[in-house]
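Peer 1: Predicted model, plus sequence, below.
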Amino acid sequence: MELLETLIKITGAAHVLTGEDTAGYDHDWTHQYQATPLAVVRPTSTAEVSAIVKACSATGTAIVPVSGNTGLNGGTYAPDAVMISLERLNRIRDIHPGARVAVVEAGVILANLHSAAEQHDLTFPLTFGARGSAMIGGCLSTNAGGSNVLRYGSARNLCLGLEVVLPDGQIMDLMGALHKDNSGYDLKNLMIGAEGTLGLITATVLKLFPKPRAYATAMVAVPTLGDALGLLNRLQGSTGNAVEAFEYMPRNYIEKHLELFPKARAPFEASYDVNILVELGATAARDADPAPDSTIPIVEHLQTLLAEMLDTGKVLDAMVAQSDAQRAEIWARREAAAEIALGQLPLVNNDIAVPLDRVETFVTRMEQRLTQLDPGAGSMTVSHLGDGNIHYTIHPTRDDAALKDQLMEAVEDLTLELGGSFSAEHGVGLSKKPSMARRKDKAALDTMRAIKAALDPKGIMNPGKVLP
């Protein structure tokens with residue numbers, strides 16, 4: 001009660017939620033991890049966050065940061081903890097068009113930053129299906145990826161500076177907008193991807209980029225994933241690396257999409273095993289401005305290249321969007337991935353990365369292994385094919401913990417054999433801690449534990465996450 005009274009003094013009673021009032025915060029998107037926190041506190045400034053953390057540190061009370069709560073791995077599981085919600089730290093402090101940077105607070109919703117950047121003919125390129133609710137702090141804490149990593153990189157690549165409240169309540173100011181800074185350890189990148197276990201991100205300086213003046217977007221069917229890689233490389237070579245997205249959806253994904261969204265249309269009249277969403281972004285006038293006949297050069301280029309590959313059999317079918325509505329329809333199909341892959345229980349959710357030329361090997365061999373381990377089990381794959389990130393969801397025949405663990409280990413075995421990682425963009429949280437224990441290099445784990453102990457000796461900052 002004494003701690004709660006202190007928290008009320010910091011933020012006001014309306015922003016300290018307890019009991020039934022915490023219902024909107026007590027579970028993540030998957031509903032797999034559900035617990036009632038001691039309280040949910042909603043500060044409105046970095047100073048208030050610092051005061052809250054100091055109060056919790058004094059009493060040894062666990063702290064769990066929460067942003068949009070769109071995670072999939074239990075990173076905001078908070079039994080008997082104080083959840084610090086960043087939803088009121090939602091100001092876009094400044095946009096500097098000349099330097100192409102945005103200074104924003106951690107509670108800014110991703111889609112709102114997109115809109116603000118567009119007012120300056122700029123773009124913040126991090127994007128994924130949950131952009132309407134995901135917040136910048138969570139994106140950085142998990143080093144989020146999404147569909148545009150191929151061209152712009154993940155969240156870590158898009159960040160120049162951070163403001164972080166440390167576990168003892170100190171405010172660490174790393175808010176420089178510098179592209180070069182060799183003044184000691186890279187503390188900024190240490191905090192990004194740490195999932196709130198080392199500190200709480202309250203603000204950031206982010207890179208902005210010229211907004212593409214035109215897009216060329218298409219659905220393309222190819223014979224194999226190997227042919228898809230050939231298409232990607234040819235597109236990159238002929239456009240100066242203008243490919244923004246290159247997404248793989250197999251036949252059963254397309255079929256499930258049509259089942260769940262009966263008003264949607266199939267991408268092609270025929271059905272194909274390998275379906276690719278490709279998008280090019282043009283920033284130069286020579287590629288984006290309409291020709292005298294109203295055609296867009298980047299769209300014409302894509303259509304010409306696809307026609308050539310159709311003639312050689314390297315492409316089986318293609319549909320190039322001719323309007324914003326058709327482009328939106330193409331993207332809606334891909335952005336339904338969470339509902340398609342995670343809407344059926346039981347499931348084993350994997351988010352892995354392998355070298356680009358080994359994606360096909362993973363998919364083929366894992367399907368064979370799945371048949372051996374659990375005959376009758378189903379799978380659903382969707383992939384950021386351009387960066388080797390595969391979301392491979394298994395639907396086992398029974399809800400058995402031992403079977404699920406066996407299936408997860410099989411995925412890990414093959415992933416590491418192919419030189420990959422068992423965690424690509426969703427973070428570790430709780431669900432991938434067994435994978436960390438089994439697969440992460442021992443010296444790396446020891447180093448991570450040493451860093452955690454040094455920065456958070458009381459172990460209060462998002463305890464129980466990431467580290468096995």
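Peer 2: That came through, no problem.
Peer 1: quick one: the helices in the stretch 1-150 of the chain?
Peer 2: Counting by DSSP state H, counting those that start in this stretch, the stretch 1-150 of the chain has helices at residues 2-11, 46-59, 110-118, 136-141, 149-152.
Peer 1: Same question for stretch 156-170: list its buried residues.
Peer 2: Going by neighbour count (16 or more other Cβ atoms under 10 Å), the buried part of stretch 156-170 is 158-169. Just so you know, the C-beta spots here come from the backbone N, C-alpha and C atoms, and that holds for glycine as well.
Peer 1: now do stretch 189-205
Peer 2: Quick answer for stretch 189-205 (16+ other Cβ under 10 Å): 191-205.
Peer 1: and what of stretch 277-288?
Peer 2: Using 16+ other Cβ under 10 Å as the test for burial, stretch 277-288 gives 277-283, 287-288.
Peer 1: So the chain: which segments form each domain?
Peer 2: Under the assignment automatic domain parsing, the domains of the chain span 2-85, 92-210, 214-335, 343-432.
Peer 1: Number of residues surrounding Thr397?
Peer 2: 12 (other Cβ atoms under 10 Å).
Peer 1: what's the answer for Lys458, then?
Peer 2: Neighbour count of Lys458, defined by other Cβ under 10 Å: 16.
Peer 1: Would you check that it makes contact with Pro167?
Peer 2: Yes - counting by Cβ atoms under 8 Å, Pro167 is a contact partner of Lys458 at 6.9 Å.
Peer 1: any common contacting residues for those two?
Peer 2: Contact criterion Cβ atoms under 8 Å, 6 or more residues apart in numbering; residues shared by Lys458 and Pro167: Ser57.
Peer 1: just the strands in the stretch 351-468 of the chain please.
Peer 2: Per DSSP state E, counting those that start in this stretch, the stretch 351-468 of the chain carries strands over the ranges 378-384, 389-395.
Peer 1: Strand partners (parallel or antiparallel) of the last one?
Peer 2: This points to strand 389-395. Counting by DSSP bridges, the strands paired with strand 389-395 are strand 348-353 (antiparallel), strand 378-384 (antiparallel).
Peer 1: Now tell me what touches it from outside.
Peer 2: 145, 149, 337, 341-342, 344-354, 359, 362-363, 366, 370, 374, 377-383, 407, 411, 424-425.
Peer 1: Could you find the closest non-adjacent residue to Met309?
Peer 2: Val315 (4.0 Å; Cβ to Cβ, 6 or more residues apart in numbering).
Peer 1: OK, contacts around that neighbour?
Peer 2: By Cβ under 8 Å, 6+ apart, the neighbours of Val315 are 220-222, 227, 231, 306, 309.
Peer 1: For Ala218, list the residues it contacts.
Peer 2: 277-279, 302, 306, 318-321, 330 are the contacts of Ala218 under Cβ under 8 Å, 6+ apart.
Peer 1: Could you identify the most distant pair in the buried residues of stretch 189-205?
Peer 2: Farthest pair in those (Cβ to Cβ) is Thr197 and Val205. Separation: 22.3 Å.
Peer 1: Okay, and the spatially closest residue to Tyr272 that is not a sequence neighbour sits in which element?
Peer 2: Among residues not flanking Tyr272 along the chain, Ala221 sits closest, at 3.7 Å (Cβ to Cβ, 6+ apart). Secondary structure from DSSP states H and E places Ala221 in strand 214-222.
Peer 1: and after that strand, which helix or strand comes next?
Peer 2: helix 225-239.
Peer 1: now that next one, how far from the centre of its chain.
Peer 2: The chain centroid and the centroid of helix 225-239 are separated by 24 Å under Cα atoms, centre = their mean, to the nearest Å.
Peer 1: Contacts made by that helix with the rest, please.
Peer 2: With Cβ under 8 Å, 6+ apart, helix 225-239 has contacts from 220, 222, 242-243, 246, 248, 274, 276, 278, 280, 287, 298, 301-302, 305, 309, 314-315, 356-357, 359-360, 363, 385-386.
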